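1. Here is the input, now give the coordinates:
(chains A and B)
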Amino acid sequence: MTTPVRIAQLSCGSEYSGIQKEINDAAAAVNAEVFFPDLTLADIRRSYGEFGLDVRSGDLKLQIARAKALVEGRVDADAVFIATCFRCAEGAIVRNELRRYILHNSQLPVVSYSFTERTTSGTLLTRMEALTTIARRRALLAREVQEGTTLGVDSGSSTTKAVVMKDNEIIGTGWLPTIEVLKSADDAIDIALKEAGIERDAVEAVGTTGYGRFLVGSHIGADLVQEELTTNSKGAVYLADRQRGDSTVIDIGGMDNKAISVSDGIPGTFTMGGICAGASGRFLEMTAKRLGIAITELGPLAMKGLSENVPMNSYCIVFGTQSLVNALATGTSPEDVAAAACHSVAEQVFEQQLQEIDIREPVIMVGGTSLIEGLVYAMGQLLQTEVLVPPHSQYIGAVGSALLASGFIRGE
Amino acid sequence: MKIFLYPATSLILSDLVERWGHEPLSAALPIRERIQTAGFESPPLQITPDDPKRGLRYAAVEVPSGIRGRMALYGPLIEEAEAAVIITDADLAFGCMGCARTNELILYLIREREIPVLDLTYPKNEEEGVVFVGAIRKFLADLNGGGGE
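-> Numbers count the residues shown, from 1 in each chain, chains lettered A, B, ... in the order given. As a prediction, the model looks like this:
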């Protein structure tokens, strides 16, 4: 058993919300341990004063002092988990400022999270896993070239993707809706192998990612089972040819969204979530269905419309659909509705998630929704920058998996 | 009499109240009760996600869960209190309940009870400290009808 990754917890309210055990359990599930940096009272008074953010809550003062101790090297940690109560304004200010402070002044990977009493270890698992991956697998994440013949499988909530790579080239792809997790994975792999023109035996290493990564990984004997935050980051910068330097990766998924601030292919800060389905790819699927078109037609249709003509900005998929139906009932064109749906999703991701990370150019959009050009356009307008969509962007997780799995061929 | 303490985590205040013949209502009581209850495992304070739900008695659902969880501890104590000693601007070492918004709500709920309350500012030097302890002693004695310790 490898040494547990030590994650320093900087938080306010987690014990009183009754979720500290959930945080501990999520960390333990990925062979990590959460700890609270120990400080003296003198440390707290000095550090809090020096930081200069005049908060009233004692636990937030302690949180600030702990962050300073980490940055100044008085406490050792491999990663940092920052958490405060959902809907606490003072907590949100501290959470954001500490995330920025640690990111700019140390090499520690950071994830920030706002919790309620309903937060479970399952919700936190992928985030904790990503923290441990960054801390534990830096050498693997540094890989920039795919070698040998490898297979990557992304078992997502909506779709399953498989990619076969050989000598740094994608030679086969498979894509299917996720219905039965294992069967969808097997079928997607078969499609990819067939397109590549090789047998399963020729594959030298396999990687899995996505929601079904553990199940599929065990089923197909994967060498690498890795969460989608680090895998997608790697896939994105690889396909966009931005492996060195800074970038921001945005993946609007079927069930959750990821926004990742990346430096040299390794995530620095990231957020994962999506408060409600109104900010997800699922809403765009519903919009396409209501407009009677295929999801692939939504993007081009949106490019012909004007989002300003339809009021639509609901976090909730039910209310969002209501706005859509109301607009159509008053004679609004399908083009304008499509544009409004794309703008609504982009705006909510911008407001809810992109404020939690440092936006570093270039911005790379990946995942199936990056093929909806109306969504990419809306995001570019909001961020006031050109958004890159690399080739094979819908296969990003599978490509990242195949790339990283090649590190296992020679047992790296 | 049952005296609610603010800050409720102050051991010094708790000791003073007990020494002068009253029952301190402090954080130690509900936390001890939770820690000694067998059958569930939610370290470090044995507060479970049910506590923020119990806190809905004192704060609405849109109030952060950490406040409602704290109120699940302190709310019943405030209801039980017959008097209160409130120390404002206390040093961290004297006692700290962690959350400024919870503090605001607690102070409001104590005032609403219309029970005898002693308001004191935390002393900044030894001289003020002597006056501070004297004031607490007098308040507690007066609650006993002017009786002694």
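2. alpha carbons only for contacts and neighbour counts from here, please
-> Noted.
3. which residues in the chain form strands?
-> Unless you meant another one, I'm taking chain A. Secondary structure of chain A (DSSP state E): strands at A:5-12, A:32-35, A:79-85, A:110-115, A:149-155, A:159-166, A:169-177, A:205-209, A:224-225, A:246-252, A:257-263, A:266-273, A:363-366, A:387-388.
4. could you do chain B instead?
-> According to DSSP E, the strands that chain B contains are B:2-6, B:23-25, B:83-88, B:117-121.
5. Ok, which of these comes nearest chain A?
-> strand B:83-88 (12.4 Å; C-alpha to the nearest C-alpha).
6. Could you list which residues are in contact with residue 8?
-> Going with chain A. A:34, A:35, A:36, A:37, A:77, A:78, A:79, A:80, A:81 (C-alpha atoms under 8 Å, 6 or more residues apart in numbering or on different chains).
7. nope, chain B please
-> B:25, B:26, B:27, B:95, B:96, B:97.
8. Adding pLDDT, distance to residue A:299 and neighbour count, write these out as CSV.
-> Shown next, in CSV, are the contacts of residue B:8 (pLDDT from 0 to 100; distance: C-alpha to C-alpha, whole Å; neighbours: other C-alpha atoms under 10 Å in any protein chain shown):
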residue, pLDDT, distance to residue A:299, neighbour count
B:25, 97, 63, 28
B:26, 94, 61, 23
B:27, 91, 58, 22
B:95, 92, 58, 18
B:96, 91, 55, 19
B:97, 92, 52, 18
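9. filter the residues you listed by proximity to chain A?
-> B:96, B:97 (C-alpha under 8 Å from any C-alpha of the partner chain).
10. farthest pair in the contacts of residue B:8?
-> B:25 and B:96 (15.1 Å; C-alpha to C-alpha).
11. what's the nearest residue to residue 110 if we skip its chain neighbours?
-> Picked chain A for this. Of all residues not flanking residue A:110 in the chain, residue A:80 sits nearest, at 4.8 Å (C-alpha to C-alpha, 6 or more residues apart in numbering or on different chains).
12. meant chain B, my bad for not saying
-> Nearest to residue B:110 is residue B:78, by C-alpha to C-alpha, 6+ apart, at 6.3 Å.
13. For the one you found, which residues are in contact?
-> Going by C-alpha under 8 Å, 6+ apart, residue B:78 touches B:4, B:106, B:109, B:110.
14. Quick one, which of these are buried?
-> Listed as buried from those are B:4, B:106, B:110; burial here means 16 or more other C-alpha atoms under 10 Å in any protein chain shown.
15. Spatially central residue for chain A, please.
-> Residue closest to the average C-alpha location in chain A (C-alpha atoms, centre = their mean): residue A:258, at 2.8 Å.
16. now that residue, which residues is it bridged with?
-> Note on residue A:258: beta-bridge partners by DSSP bridges are residue A:251, residue A:272.
17. Compute the number of surrounding residues for residue A:236.
-> Counted with other C-alpha atoms under 10 Å in any protein chain shown, the neighbours of residue A:236 add up to 35.
18. could you list every residue that touches it?
-> By C-alpha under 8 Å, 6+ apart, the neighbours of residue A:236 are A:249, A:364, A:366, A:390, A:393, A:396, A:400.
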